[in-house]
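*Asks:* Sequence first, then the predicted structure:
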Amino acid sequence: MDVDRRQAPSFHTRQPRAIPAIPALAAYMLATVGCGPGPETAIWDPPPSECGRFVPHDPDSPRNDIARILDLPDEKLDVIETAMALAREVRPEADAAGALRLARELAEQVREETAGCGHMDEAIECILEKIPPARPGRNRLDEFDPELLARGEAGSCLGTSLLVLGIARRLGLPVRGVAVPGHFFLRCYYPDGRRRNLDLTRPCDNLSDAFYVRWRRISERAIMSGIYLRGLTDREVIGHLLASRAGCLAQEGKIEMALRDADLALRLLPGNPQALINRGFALDRMGREAEAAESYRLAIRSDPASSRAMNNLAHILCRSPASPLYDPVEARELAQAAVRLDPYDPDYRATAADAFAALRRWREAVRFMADAARLAPDNAAYQARWYALRDILREEVRAGREGPYGFRLPPSPVGR
């Protein structure tokens, strides 16, 4: 989830280590992104090496200090305990001990029910039968709360994956989290070298890596640097949790907490585009415009296909002629690049309209804003800005002149 500067902030990371993917294989993967779901195309990666067998903490005395938890060695780092520590920051009544006991009980039930079957898939299916299914499109803080997830009150791709991953770790199953832009799933590593992508929003489908490259428009640089589509350690999974949670915190106006989560995520996953975008948004809301712009530039450097970073940076560059960062030409280029990557996002088209308006190119501004209003018919702000630009264009045509270079659109009636 990443932060968009237009709506109520709906938000849109160790220097990514090189994965042992063969460049020729990666190139083949990128050349076959048109293929549909299936196991036939993948970028090979080994499961991350284990530092030791996972040792769950005593469920009756959970740790609640996130800094203390992140200092634990890998074999003692529990994604469920970490998620509960974060949940208690926004829901003090959250029962961390109860969530840990439930995870232990579910793991014991699976162990008993699959004893003697000898196949990892049986254990995975048994876990999924006990966990409420993930529901795509969620964007709330409770989606990361294991206690609520286990009761079926919430559940997104990332939140549900965290719960399943925590239970799998208690069973010693070789399962890892995998991130792609705006989405999260699990990957099972079999003793014979096979892999299976387990997407909890579509658990019956065997989705290939190529499917995710095509669906999420993943750039070659992001794949080759290991930012996306590789098996993650549990510490890196927590980094993705923090990066995504930063967006939800910003959406609720908790900007300082959002910035802290984004900074923690970058400590665990340096260069992660989602964390950089969320950090940029939080900094922008704090008035630290130059730092925000730099954060967006770093996100684009990590992932050249990061359309949200392009969009948000473009907005900063064309927002006000009084800003030392004001550069409507670069803003136009960034906004148009974002539109090319995602032609159906109304916010990207609205940003392009702003950039063209700053350049006094009223016809293009009207066209892009009209597209934004058409793609988001319930957005009154886009409708009002379309009318305002249309009136300016009519006046300019009638008078045969151009407006001042630094024209700034009137305030939107629905907030910005």
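*Replies:* Cool, got the structure. Residues are numbered from 1 along each chain as shown.

*Asks:* For this structure, just list every one of the strands.
*Replies:* 3-4, 10-11, 175-180, 183-189, 195-198 (DSSP state E).

*Asks:* now, of those, which is deepest in the fold?
*Replies:* strand 3-4 (a mean of 25; mean count of other CB atoms under 10 Å). Using the backbone N, CA and C atoms, a C-beta is placed for each residue, glycine as well.

*Asks:* What average pLDDT does that strand get?
*Replies:* In this model, strand 3-4 has a mean pLDDT of 50.

*Asks:* same question, stretch 220-239
*Replies:* Stretch 220-239 comes out at a mean pLDDT of 93.

*Asks:* same deal with stretch 313-320?
*Replies:* Averaging pLDDT along stretch 313-320 gives 96.

*Asks:* which residues sit against that stretch?
*Replies:* Under the criterion CB atoms under 8 Å, 6 or more residues apart in numbering, residues 5-6, 280, 284, 289, 292-293, 296-297, 300, 323, 325-328, 330-332, 334-335, 338, 351-352, 354-355, 358, 408 lie in contact with stretch 313-320.

*Asks:* Are any of those buried, and if so which?
*Replies:* 5-6, 280, 284, 289, 292-293, 296, 300, 325-328, 331-332, 334-335, 338, 351-352, 354-355, 358 (16 or more other CB atoms under 10 Å).

*Asks:* So which of the contacts of stretch 313-320 are in helices?
*Replies:* 280, 284, 289, 292-293, 296-297, 300, 328, 330-332, 334-335, 338, 351-352, 354-355, 358 (DSSP state H).

*Asks:* If you rank every helix and strand of this structure by mean pLDDT, what lands last?
*Replies:* Of the helices and strands making up the chain, the lowest-confidence element is strand 10-11, at a mean of 26, by mean pLDDT, DSSP states H and E.

*Asks:* Now do the biggest helix by length in the chain: which elements does it pack against?
*Replies:* Ranked by residue count and defined by DSSP H, the top helix of the chain is helix 380-399. When contacts are defined as 3 or more CB pairs under 8 Å, 6 or more residues apart in numbering; DSSP states H and E, helix 380-399 packs onto helix 346-358, helix 362-375.

*Asks:* I'd assumed E236 was in contact with L165.
*Replies:* No: contact criterion CB atoms under 8 Å: L165 and E236 do not qualify, at 11.7 Å.

*Asks:* okay, and the common contacts of those two?
*Replies:* Common neighbours of L165 and E236 (CB under 8 Å, 6+ apart) are G177.

*Asks:* Which pLDDT value goes with D121?
*Replies:* At D121, the pLDDT value in this model is 89.

*Asks:* so who does it touch?
*Replies:* Here D121 is in contact with C188 (criterion: CB under 8 Å, 6+ apart).

*Asks:* Now for A262: which residues touch it?
*Replies:* Counting by CB under 8 Å, 6+ apart, A262 touches L242, A243, A246, A275, L276, N278, R279, A282.

*Asks:* What separation is there between S302 and E364?
*Replies:* S302 sits 30 Å away from E364, going by CB to CB, to the nearest Å.

*Asks:* cool, and P62?
*Replies:* Using CB to CB, one obtains 56 Å as the distance from P62 to E364.

*Asks:* Neighbour count for those two, which is higher?
*Replies:* Using other CB atoms under 10 Å as the criterion, P62 and E364 rank with P62 on top: 21 against 16.
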